[in-house]
Each structure stands twice: as C-alpha cells, then as structure tokens.
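*Asks:* Fold the following for me, if possible:
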Amino acid sequence: MLELLPLAAAALFAGAVSSVVGMAGGSLLLLGLLGSYPSEAALPIYALTWLGNDSLRAFAFRDKLEPSVLVPFS
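*Replies:* Just a heads-up that it's a prediction; the model follows:
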C-alpha cells in the first residue's frame, strides 16, 4: 500500500499544477510515472489517474457544467 503513496503525491501535484496553470499537469504526471514504472504499466495508470482527477474536478464544479455540451463529449 505504501508503494502507491508516491503515485498519489504525483497525481495531487500534477492536478494542482493543471488547475492553477491550466496545462502541463498531465505531462508532469506522465513524466513521473515513466520514471517510476515501465511504459506498459505507466500508460494505463496515467489514464485511470487522470480520469479520476477530471471526474473529481467535474464533480466539484457540477453546477457550472452545461449538460447540452457534456453529453456529446461523454
């Protein structure tokens, strides 16, 4: 369980950078993952981590979401 702590810290940092700056968070997370895991494992971890990050952000700002735009992109 403790081996996932660096992954959680990297995801938190990347999400904060992405929220504040508006870009580069995903690249930072992918860079950190590729430095720690082989690419066969890093890419699925990246996809699931970023999906969770974006889902949490959508939930936090659910009152600002426009359903007519959200449905076609989902």
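
*Asks:* Let's check: the centremost residue of this protein is which one?
*Replies:* By CA atoms, centre = their mean, the chain has its centre lying nearest to Trp50, at 2.4 Å.

*Asks:* Can you verify my assumption that that one contacts Gly26?
*Replies:* Yes: Trp50 lies in contact with Gly26 (CB atoms under 8 Å); the separation is 5.8 Å. For glycine as for every other residue, the C-beta is placed from the backbone atoms N, C-alpha and C.

*Asks:* low-scoring stretches of this protein, by residue?
*Replies:* The model of the chain has pLDDT under 70 over residues 1.

*Asks:* residue ranges for the helices of it, please.
*Replies:* Counting by DSSP state H, the chain has these helices, from start to end: 5-21, 25-36, 39-60, 67-73.

*Asks:* Please identify the most buried of those.
*Replies:* helix 25-36 (a mean of 17; mean count of other CB atoms under 10 Å).

*Asks:* Tell me how many other residues surround Met23.
*Replies:* Number of residues near Met23 (other CB atoms under 10 Å) recorded here: 8.

*Asks:* and Leu2, how far is that from Ile45?
*Replies:* 16 Å (CB to CB, to the nearest Å).

*Asks:* And Glu66, by the same measure?
*Replies:* Per CB to CB, Glu66 is found 31 Å from Ile45.

*Asks:* Equivalent analysis for Gly52, please.
*Replies:* From Gly52 to Ile45 the distance is 11 Å (CB to CB).

*Asks:* And Ala16, by the same measure?
*Replies:* For Ala16 relative to Ile45 (CB to CB), the value is 19 Å.

*Asks:* Can I get stretch 62-74 as PDB, trimmed to CA atoms?
*Replies:* C-alpha atoms of stretch 62-74 as PDB (Å, rounded to 0.1, in the frame of the first residue of the first chain):
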ATOM      1  CA  ARG A  62     -21.000  20.300 -11.300                       C
ATOM      2  CA  ASP A  63     -23.200  23.400 -11.000                       C
ATOM      3  CA  LYS A  64     -21.100  25.000 -13.800                       C
ATOM      4  CA  LEU A  65     -21.400  22.100 -16.200                       C
ATOM      5  CA  GLU A  66     -23.600  22.600 -19.300                       C
ATOM      6  CA  PRO A  67     -25.400  19.300 -20.000                       C
ATOM      7  CA  SER A  68     -26.000  20.100 -23.600                       C
ATOM      8  CA  VAL A  69     -22.300  20.200 -24.200                       C
ATOM      9  CA  LEU A  70     -21.300  17.500 -21.700                       C
ATOM     10  CA  VAL A  71     -23.400  14.700 -23.300                       C
ATOM     11  CA  PRO A  72     -21.800  14.700 -26.800                       C
ATOM     12  CA  PHE A  73     -18.300  14.700 -25.400                       C
ATOM     13  CA  SER A  74     -19.000  11.900 -23.000                       C
END
